[in-house]
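1. Okay, structure incoming, though there's no sequence with it:
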């Protein structure tokens, strides 16, 4: 099939650091947010898997990938649900902006603050969320205004991973001015 279709040949190539890194813009980072269950091969069989957790893997155009454990999945999933709930009440007055921002800060503290520590001079993020994080419409302007990690920036691009059909959302990272 690969010999007959160059498009198929490209789409089925294995994704490696060598093939992905050149595709990342110089001022960007690919941030993969992953939900996983830790595995202990030495534990008894019915206790081999730990409670689900989230991790972030950060890849830039050059250098080694970085990773950080984001913590217990239940806590992050709960923060996602709380954040989503402030927008769910139909036929009700709008949720006060302070409530929206409080829910967003809680989510940001668990999810994006640890990631920002590893971003350095990155100006754009290419985000690939997993689990219930896919339920957060990072691209939606009304939600972005509440998440400190992406506040006041427009979605700059959308990229599609051709082999897995995963949509990655890209946005600019605001810089905090130093008071020094």
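-> Perfect, I can see it now. Given the structure is predicted, the values throughout are model-derived calculations rather than measurements.
2. what about the strands in the protein?
-> Taking DSSP state E to define them, one finds strands in the chain at 28-36, 53-60, 66-72, 124-128, 155-161, 166-172.
3. Now do residue 6, the pLDDT please.
-> The per-residue pLDDT reported for residue 6 equals 78.
4. who's in contact with stretch 60-71?
-> 17, 21-22, 24-26, 28-30, 33, 53-59, 76, 110-111, 114-115, 117-118, 122 (C-beta atoms under 8 Å, 6 or more residues apart in numbering). Glycine gets a C-beta too; all of them are placed from N, C-alpha and C.
5. PyMOL command to pick out the buried ones of the residues you listed?
-> Filtering these down to the buried ones (16 or more other C-beta atoms under 10 Å) takes a single PyMOL command:
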select buried, resi 24+25+28+29+30+33+53+54+55+56+57+58+59+76+110+111+114+115+118+122
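6. If you average pLDDT over each of the strands of the chain, which is lowest?
-> strand 155-161 (a mean of 33).
7. In the chain, what helix or strand scores lowest on average pLDDT?
-> Lowest on mean pLDDT, DSSP states H and E among the helices and strands of the chain sits strand 155-161, with a mean of 33.
8. how about the helices in this structure?
-> Ranges of helices in the chain, per DSSP state H, are 6-11, 17-20, 73-85, 97-116, 141-144.
9. and of the ones you listed, who's closest to residue 127?
-> For those, distance to residue 127 was read as C-beta to C-beta. The smallest value, 9.4 Å, belongs to helix 97-116.
10. Going by contacts, tell me the helices and strands next to the closest one.
-> Packing contacts for helix 97-116, counted by 3 or more C-beta pairs under 8 Å, 6 or more residues apart in numbering; DSSP states H and E, involve strand 53-60, strand 66-72, helix 73-85.
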